[in-house]
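>>> prediction below, plus the sequence it came from.
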There are 2 protein chains.
Amino acid sequence: MTTSAPRTPARPTPRERLLDAAAGLFYRDGVNIGVDALCKAAGVSKRSMYQLFGSKDEVLAASLERSGPGYQALLLPPADDSRPPRAQVLHVFERLDQLSAGPEYQGCPFVSTATELKDPDHPASVVARGFKQQLTAFFHAQAARAGASDPETLARQLTIVFDGAGARTVVQGHPLDGLATATATVLLDAAGVV
Amino acid sequence: MTTSAPRTPARPTPRERLLDAAAGLFYRDGVNIGVDALCKAAGVSKRSMYQLFGSKDEVLAASLERSGPGYQALLLPPADDSRPPRAQVLHVFERLDQLSAGPEYQGCPFVSTATELKDPDHPASVVARGFKQQLTAFFHAQAARAGASDPETLARQLTIVFDGAGARTVVQGHPLDGLATATATVLLDAAGVV
DNA sequence: ACCAACGTACACCGATCGGTTTCCTCCTGT
DNA sequence: ACAGGAGGAAACCGATCGGTGTACGTTGGT
């Protein structure tokens, strides 16, 4: 293989290490893990962290912001997907059903973070709200493309199923077994999305 | 001996004050509020708290356990309700739609607690799981009574909608405007529950 | 009237919290 | 070769964490 291995091992910058570690730790252990533990996991000194970010809350918000695109790529169909709307919407729920079977799955990180923070004005809550709106927007676009009678409502309902499926996994502690996909299918059928 | 019939409605016992304050504070501020704040709010000394409970975690679990019946009474139709299954199920979602409009609403307390704790073996997580199963059992009973084709799946789907509606309220920060009821209606229709 | 149990007030413990500061090492541009 | 900045290690800060120990009221049963 002629894969290009960078001459310089190019260790990620402290900022990247910090945000990646933060995304993982905040998701796994909650937003109340300490700054010390976070910096230790990231291999970054507290001093550097506080030069890069104004506070732990900003780190949290930035880590959510950074992990957003990857999370979407994990769930949404590729941008050049040419399948009909129904298949593209169901793609998301099939992914969710798969994800929920992973031992690491703790529900949607945006929902978890917003739930833990309580404060809707917290910068991380704002980020979380934004990504949820993007998910709803995707559903809305597909619903509209399919000529659904009420694409706005359908999109919101699909988002509710998405978040509810995540919550169920957290509380019950076992995978969804296709329940998310099955529920989304019912909504799509009822809305006449083929 | 200690518990005689309360002829005079005396001040609640420290245990009751503690559990009531705990339910409110844990719900509003999350499971990470301090023992000092909790005891101060309850008007109970830390000493008494640690004589009544082994740890803060036990207080949390006990407060969830205590608030469970009241929460169910808030959502479920009365036990002697004679309406058809569909109406009884929709009753829950109408209540949820109403609740979500209240300024204090922070989502389902059981889901919130389980989400914050992460640990599924935490005593409070066990309590939360139990109450969610009771809600699902109610849906299941109604679905079976209505002769739904797959009452088990329908009950789980309704629970997902319930929790998803709560999550949406938390993340988006505005009421559901009938969205929970509307979504449940779609599921009931599809399952042939009249 | 007395005593024991109950409950409060409060000091105290080690650990950890978010955040700041100091010091020193290492890497890089010139 | 050398200056200077970036960044890590760790001490340090006051506050708070969960939890305990002690001492002082208050109350009810006999």
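Everything's here; your move.
>>> so where is chain A shaky, pLDDT-wise?
A:1-10 (pLDDT under 70).
>>> who in it is up against DNA strand D?
A:13, A:14, A:43, A:44, A:45, A:46, A:47, A:48, A:51 (Cβ under 7 Å from any atom of the strand). No exception for glycine: its C-beta is placed from N, CA and C like everyone else's.
>>> go through these and name the one nearest residue B:36.
Nearest to residue B:36 among the residues of chain A next to DNA strand D is residue A:46, at 26.8 Å by Cβ to Cβ.
>>> so what's the closest residue to the closest one other than its chain neighbours up against?
Nearest non-adjacent residue to residue A:46, counting by Cβ to Cβ, 6 or more residues apart in numbering or on different chains: residue A:39, 5.1 Å away. Residue A:39 makes contacts with A:18, A:45, A:46, A:48, A:49, as judged by Cβ atoms under 8 Å, 6 or more residues apart in numbering or on different chains.
>>> was I right about the third one contacting residue A:40?
No: at 9.4 Å, residue A:46 and residue A:40 do not qualify as touching, with contact defined as Cβ atoms under 8 Å.
>>> so which strand or helix has the residue nearest to residue A:46?
Applying DSSP states H and E as the criterion places residue A:39 in helix A:35-42.
>>> state the helix or strand in which the residue positioned nearest the centre of chain A lies.
Central residue of chain A (Cα atoms, centre = their mean): residue A:71, 4.3 Å from the mean position. Secondary-structure assignment from DSSP H and E places residue A:71 in helix A:56-75.
>>> may I have the helix or strand hosting residue A:51 as CSV, with CA atoms only?
Element membership of residue A:51, judged by DSSP H and E, is helix A:46-52. The C-alpha trace of helix A:46-52 is given here as CSV (Å, rounded to 0.1, in the frame of the first residue of the first chain):
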residue,chain,number,x,y,z
LYS,A,46,-4.4,22.6,33.0
ARG,A,47,-2.3,25.7,32.2
SER,A,48,-2.6,25.0,28.5
MET,A,49,-6.3,24.3,28.8
TYR,A,50,-7.0,27.6,30.4
GLN,A,51,-4.9,29.3,27.7
LEU,A,52,-7.0,27.7,25.0
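>>> can you pick the most crowded of the contacts of residue A:39?
Neighbour count (other Cβ atoms under 10 Å in any protein chain shown) singles out residue A:18 as the most crowded of the contacts of residue A:39, with 25 neighbours.
>>> who touches stretch A:23-31?
Against stretch A:23-31 from outside (Cβ under 8 Å, 6+ apart): A:33, A:37-38, A:41, A:60, A:63-64, A:66-67, A:104, A:106, A:109, A:112-113, A:116-117, A:124, B:116, B:118.
>>> over to stretch A:181-194?
By Cβ under 8 Å, 6+ apart, stretch A:181-194 touches A:84-86, A:89-90, A:92-94, A:96-97, A:142-143, A:146-150, A:154, A:157-158, A:161, A:165, B:153, B:157, B:160-161, B:183, B:186-187, B:189-190.
>>> burial count for the residue in chain A that DNA strand C sits nearest to?
As assessed by Cβ to the nearest atom of the strand, DNA strand C sits closest to residue A:34 within chain A, at 2.6 Å. Each residue near residue A:34 was counted by other Cβ under 10 Å, and the total is 11.
>>> circling back: show me which positions of the helix holding residue A:71 end up buried.
Neighbour counts over helix A:56-75 (16 or more other Cβ atoms under 10 Å in any protein chain shown) mark A:56, A:59-68, A:71, A:75 as buried.
>>> could I get those as TSV with distance to chain B?
Converted to TSV, the buried residues of helix A:56-75 look like this (distance: Cβ to the nearest Cβ, whole Å):
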residue	distance to chain B
A:56	14
A:59	18
A:60	14
A:61	15
A:62	19
A:63	17
A:64	12
A:65	15
A:66	19
A:67	16
A:68	14
A:71	14
A:75	15
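>>> among these, which ones lie close to DNA strand C?
residue A:56.
>>> of the contacts of residue A:39, closest to residue B:133?
Among those, and counting by Cβ to Cβ, the member closest to residue B:133 is residue A:18, at 40.0 Å.
>>> helix, strand or coil: sort out the closest one for me.
At residue A:18 the chain is in helix, as set by DSSP: H, G, I helix; E, B strand; the rest coil.
>>> what's the nearest residue to it if we skip its chain neighbours?
residue A:42 (4.5 Å).
>>> okay, now the residue of chain A found nearest chain B: neighbour count?
Going by Cβ to the nearest Cβ, chain B is nearest to residue A:164 of chain A, at 2.6 Å. For residue A:164, the count of nearby residues is 29 (other Cβ under 10 Å).
>>> so where does it fall, helix or strand?
Per DSSP H and E: helix A:151-172 holds residue A:164.
>>> now residue A:82
For residue A:82, there is no host helix or strand (DSSP H and E).
>>> what of residue A:177?
Applying DSSP H and E, one finds residue A:177 in no helix or strand.
>>> residue B:152 versus that one, what's the distance?
11 Å (Cβ to Cβ, to the nearest Å).
>>> distance from stretch A:111-125 to the middle of the chain?
14 Å (Cα atoms, centre = their mean, to the nearest Å).
>>> next one: stretch A:12-32
Counting by Cα atoms, centre = their mean, stretch A:12-32 comes out at 14 Å from the chain centroid.
>>> show me what counts as buried in that stretch.
Buried-residue list, stretch A:12-32, by 16+ other Cβ under 10 Å: A:14-15, A:17-27, A:30-31.
>>> return the closest of the residues you listed with respect to residue B:172.
residue A:31 (19.1 Å).
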